[in-house]
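S.K.: output the structure for:
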Amino acid sequence: MSFDTSTLYLFATMVAGMLGAMLVLFGKQDNIPALKWWGSAYLLGAASVAIWTIGGAALGEPLLLALHAVGFIACGMVWNASRVFLGRKPNLLGLVLGAVAWVGTMLALPSLNPAMRLIVGASIVAIYAALTASELWNERRRTMQSRWPSIAVPVMHGCVLMLPLLLGSLLRPHDETFTSSIWVTAFSIELILYAIGTVFVIFMLVSDRAVTVHKTAASVDPLSGMLNRRGFTEACNRVIEREAAAGRPVTVMIFDIDHFKSINDRFGHPAGDEILKLFSTVVVSSLRISDLSGRIGGEEFAALLACPLEEGVIVAERVREAFEASNIVCEEGPVVTTVSIGVAGGPAGTELEVLLAAADTALYQAKRTGRNRVEAAEELPLSLEKWRRKSAGRAASARQATATT
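M.R.: A predicted model of the protein is given here:
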């Protein structure tokens, strides 16, 4: 059983056109520029293939040359869609460079046979495919589940979109053997199926990006830009598990900005917010890239380091000194910026709650003995529930005393 190749191509372009329009529509509704780029590439490529299929050789060499160039621009749009998806600016010069190279080569060498034209066109498509793959390969969001499909989709889309145009010079009406071959029929059907399948993959890609964005927003404190309590806890548990497998200890520290309530009362909440952002900057700049830090309360921060307790105390002292030396001055006068820090360490596999409890005890000791100091926990609580009952009243009284000063 054989199918008319032109009919299959026209059906494929209709499907691609409808899917392209859908991508553009969703891109506008959800304000996703990458979807609009991908959809426009579908529409442009479908239009060029449809005109070429209907008109054929009757269009004349100049118009056929222009249709081929439009197809190459569609490939350039696929590459730019990947750039836009990753937050980069479109490369307008690169967008048209392939089409310019094609037109220039055909005008300079008008006697090229169909096979050589195929090679030139395929080379241009291969370059765009390589650029698209390179853009997505360098993507740093390793947690995206659709990372591999996101690399394959634009590359294969550009290749499949261009193949009908590149093979156009071979699909002549007089070559009945080739035009009626099983391979051409199979390719036409594959083009239809691929046009549908790629849209599902693109939406899966965009969906994964949206999920990643929402997860990040749920785990990050908007004021300081650090992990919030939930994000900090989840990240710390993963690090503790990893370090425990290697038999390495971890250290936790809790920071509490001294006299923060009086800063808010004297200088106002905007100034207090600036102090919080300043302190978060000090903490991040004082830690290693592999260390974790987060804002776990109003003026309370925490950090987890994969190191012994002794090294953690040195880092805590560095944070304390850097914050004290901030020398912030407002219109109302200088702002005293000091912090009390409690540090606790434990053997490999010690639970995060146990470490936080011990660090909180050390923090209480730092507050009680004058503030602006680092205190290390002497031992871990043997029973977390027992420690909580014993220290609940003590911690409440300490915070009340701090608030009144």
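S.K.: which residues in this protein form helices?
M.R.: Ranges of helices in the chain, per DSSP state H, are 5-29, 33-55, 61-85, 92-108, 114-137, 147-166, 176-179, 182-219, 229-245, 260-267, 269-286, 309-324, 352-368, 384-404.
S.K.: any idea of the angle the first one forms with helix 61-85?
M.R.: Yep, that's helix 5-29 we're talking about. With axes from the mean of the first three to the mean of the last three C-alpha atoms, to 10 degrees defining the directions, helix 5-29 sits at 40 degrees from helix 61-85.
S.K.: tell me the buried residues in helix 5-29?
M.R.: Using 16 or more other C-beta atoms under 10 Å as the test for burial, helix 5-29 gives 5, 8-10, 12-13, 15-20, 23-24, 26-27. Any C-beta I mention is one placed from the backbone N, CA and C, and that applies to glycine too.
S.K.: in the residues you listed, which has the lowest confidence score?
M.R.: Ranked by pLDDT, these bottom out at Thr5 (63).
S.K.: what bridges to Ala376?
M.R.: Following DSSP bridges, Ala376 is listed with bridge partners Val343.
S.K.: distance of it relative to Ile328?
M.R.: Counting by C-beta to C-beta, to the nearest Å, the gap from Ala376 to Ile328 is 28 Å.
S.K.: those two - which one has more neighbours?
M.R.: Between Ala376 and Ile328, counting by other C-beta atoms under 10 Å, Ala376 is the more crowded of the two (21 against 15).
S.K.: and stretch 308-317, what's buried?
M.R.: Neighbour-count burial for stretch 308-317, counted by 16+ other C-beta under 10 Å, picks out 309, 312-313, 315-316.
S.K.: with distance to Val250 as extra columns, can I get those in JSON lines?
M.R.: Below are these laid out as JSON lines (distance: C-beta to C-beta, whole Å):
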{"residue": "Leu309", "distance to Val250": "9"}
{"residue": "Gly312", "distance to Val250": "9"}
{"residue": "Val313", "distance to Val250": "14"}
{"residue": "Val315", "distance to Val250": "13"}
{"residue": "Ala316", "distance to Val250": "14"}
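S.K.: about what we covered before: turn the helices of the chain into JSON lines, columns for distance to Pro334.
M.R.: Output for the helices of the chain, formatted as JSON lines (distance: least, C-beta to C-beta, whole Å):
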{"stretch": "helix 5-29", "distance to Pro334": "52"}
{"stretch": "helix 33-55", "distance to Pro334": "47"}
{"stretch": "helix 61-85", "distance to Pro334": "47"}
{"stretch": "helix 92-108", "distance to Pro334": "52"}
{"stretch": "helix 114-137", "distance to Pro334": "49"}
{"stretch": "helix 147-166", "distance to Pro334": "50"}
{"stretch": "helix 176-179", "distance to Pro334": "85"}
{"stretch": "helix 182-219", "distance to Pro334": "35"}
{"stretch": "helix 229-245", "distance to Pro334": "31"}
{"stretch": "helix 260-267", "distance to Pro334": "10"}
{"stretch": "helix 269-286", "distance to Pro334": "12"}
{"stretch": "helix 309-324", "distance to Pro334": "12"}
{"stretch": "helix 352-368", "distance to Pro334": "22"}
{"stretch": "helix 384-404", "distance to Pro334": "21"}
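S.K.: rank those by mean pLDDT and give me the bottom one.
M.R.: helix 176-179 (a mean of 45).
S.K.: between the buried residues of stretch 308-317, which is nearest Arg238?
M.R.: Of all the buried residues of stretch 308-317, Arg238 sits closest to Gly312, with 18.8 Å by C-beta to C-beta.
S.K.: from Tyr9, how far off is Ala16?
M.R.: To Tyr9, Ala16 is 10 Å away according to C-beta to C-beta.
S.K.: shared neighbours of the two, anything?
M.R.: Common contacts of Ala16 and Tyr9 (C-beta atoms under 8 Å, 6 or more residues apart in numbering): Val49.
S.K.: neighbours around Pro110, how many?
M.R.: If we define neighbours as other C-beta under 10 Å, then Pro110 has 9 of them.
S.K.: please report phi then psi for it.
M.R.: With angles defined as degrees, to the nearest 10, Pro110 sits at phi -70, psi -20.
S.K.: for beta bridges, what are the partners of the nearest residue to Cys307 once chain neighbours are set aside?
M.R.: Nearest residue to Cys307, sequence neighbours excluded (C-beta to C-beta, 6 or more residues apart in numbering): Thr251, at 5.6 Å. On the basis of DSSP bridges, Thr251 is bridged to Leu305, Gly345.
S.K.: for Thr251, what are its contacts?
M.R.: The neighbours of Thr251, taking C-beta under 8 Å, 6+ apart as the test, are 304-305, 307-309, 311-312, 343-345, 355.
S.K.: would you format the residues you listed as a markdown table with distance to Pro114 included?
M.R.: Shown next, in a markdown table, are those (distance: C-beta to C-beta, whole Å):
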| residue | distance to Pro114 |
| --- | --- |
| Leu304 | 65 |
| Leu305 | 66 |
| Cys307 | 67 |
| Pro308 | 72 |
| Leu309 | 75 |
| Glu311 | 70 |
| Gly312 | 71 |
| Val343 | 75 |
| Ala344 | 75 |
| Gly345 | 73 |
| Leu355 | 72 |
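S.K.: just to revisit the earlier point, what is the nearest of the buried residues of stretch 308-317 to Ile202?
M.R.: Val315 (45.0 Å).
S.K.: who are the contact partners of that closest one?
M.R.: Neighbouring residues of Val315 by C-beta under 8 Å, 6+ apart: 253, 286-287, 305, 307.
S.K.: ditto for Leu292
M.R.: Contact analysis of Leu292 by C-beta under 8 Å, 6+ apart lists 227, 232, 235-236, 239, 303-305.
S.K.: would you point out the most distant pair within those?
M.R.: Using C-beta to C-beta, the pair of those lying farthest apart is Leu227 and Leu305, separated by 14.4 Å.
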